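# Provide a 3D model corresponding to the input given below.
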Amino acid sequence: MGCAAADPDRLRPWEIENQAISVDDPPDYGPALPLGEPYRVVRGDTLYSIAFRLGIDFRELAKLNNIEPPYLIKVSQILRTQVDQPRSSQKRTTKVQSATKTVTKTSKPKNKVTKTTAVTKSSQPIGKAEVAGAGQAQSTARWLWPSSGSVVRSFSANLHKGIDIAGRRGEPVTAVAGGKVVYAGTGVTGYGALLIIKHNETYLSAYGHNERLLVEEGSDVKAGQRIATMGSSGTDSVKLHFEIRRRGQPIDPLTLLPKRR
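A predicted model of the protein is given here:
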């Protein structure tokens, strides 16, 4: 059986011990787990939450450990977190890259136009072809804001993996797009009561410091659906910490969320 998440109806800020963080010592929302070191699964873990803490794509972690969908893991299971690339493989990669550069220099103008077109297509936020199966995991070409508050802390690739949005305790937190809840609990240090939603094979969104979680792990949610209430779990002030991860890597949510007037 897979690890069960904490009961979302019982999560309260005061149930999380020793999580208070002073204003002078802001939290580091980066991955809490180092790549390369074996990880022992504990109760409440999911493959998604572990990959989230490592800062890698969940499918990469599954592949490293020969775990097939629906990605169930067991308590005390030891997971590998990195594969050492053989030197011979690295040399072959270098040769291929060199060959690619040579072709690029000698390519005809019409090939360059073709390449430019391909780059333009890949820069699109999300394509329908990336949708993960049926159900609520759908294209998120149009994102919604998770809260009506103002941004009080911006994204930083090295120190702050998302944005903080101000608000009042109990205010609604809503899903930015349709998807499936793949984590609901308090097992990721620094996030308090956390929800992670898988939107498709490319994007995850995360909602931290909630007071109460309104959806359970495994639930399908729709864009704009109320999924939690704002709180201060795992921190010292009421706010929502919000992240978007593309193939496991955090990106600035403001590059995808619609601009506010």
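# all contacts plus neighbour counts: C-alpha atoms, from now on.
Fine.
# For Arg246, which non-adjacent residue is spatially closest?
Tyr203 (4.8 Å; CA to CA, 6 or more residues apart in numbering).
# tell me the contacts of the one you found?
Tyr203 makes contacts with 244-248, as judged by CA atoms under 8 Å, 6 or more residues apart in numbering.
# Please save the CA atoms from stretch 57-73 in PDB.
Extracted as PDB, the C-alpha positions of stretch 57-73 are listed here (Å, rounded to 0.1, in the frame of the first residue of the first chain):
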ATOM      1  CA  ASP A  57      10.600  15.600 -11.700                       C
ATOM      2  CA  PHE A  58       8.500  12.800 -10.100                       C
ATOM      3  CA  ARG A  59       8.900  10.600 -13.200                       C
ATOM      4  CA  GLU A  60      12.700  10.900 -13.000                       C
ATOM      5  CA  LEU A  61      12.600   9.700  -9.300                       C
ATOM      6  CA  ALA A  62      10.200   6.900 -10.300                       C
ATOM      7  CA  LYS A  63      12.500   5.800 -13.100                       C
ATOM      8  CA  LEU A  64      15.600   5.700 -10.800                       C
ATOM      9  CA  ASN A  65      13.700   3.300  -8.600                       C
ATOM     10  CA  ASN A  66      11.800   1.200 -11.100                       C
ATOM     11  CA  ILE A  67       8.500   2.400  -9.800                       C
ATOM     12  CA  GLU A  68       5.500   2.200 -12.100                       C
ATOM     13  CA  PRO A  69       2.200   4.200 -12.100                       C
ATOM     14  CA  PRO A  70       0.300   4.800  -9.900                       C
ATOM     15  CA  TYR A  71       3.700   5.400  -8.100                       C
ATOM     16  CA  LEU A  72       3.000   3.700  -4.800                       C
ATOM     17  CA  ILE A  73       5.800   3.600  -2.200                       C
END
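# where does the closest residue to Val215 other than its chain neighbours land in three-state SS?
Using CA to CA, 6+ apart and skipping residues adjacent in sequence, the residue nearest Val215 is Ile227, 5.6 Å away. Applying DSSP: H, G, I helix; E, B strand; the rest coil to Ile227 yields a three-state assignment of strand.
# ok so Glu60 is a strand residue?
No: with three-state DSSP as the criterion, Glu60 is assigned helix and is not in a strand.
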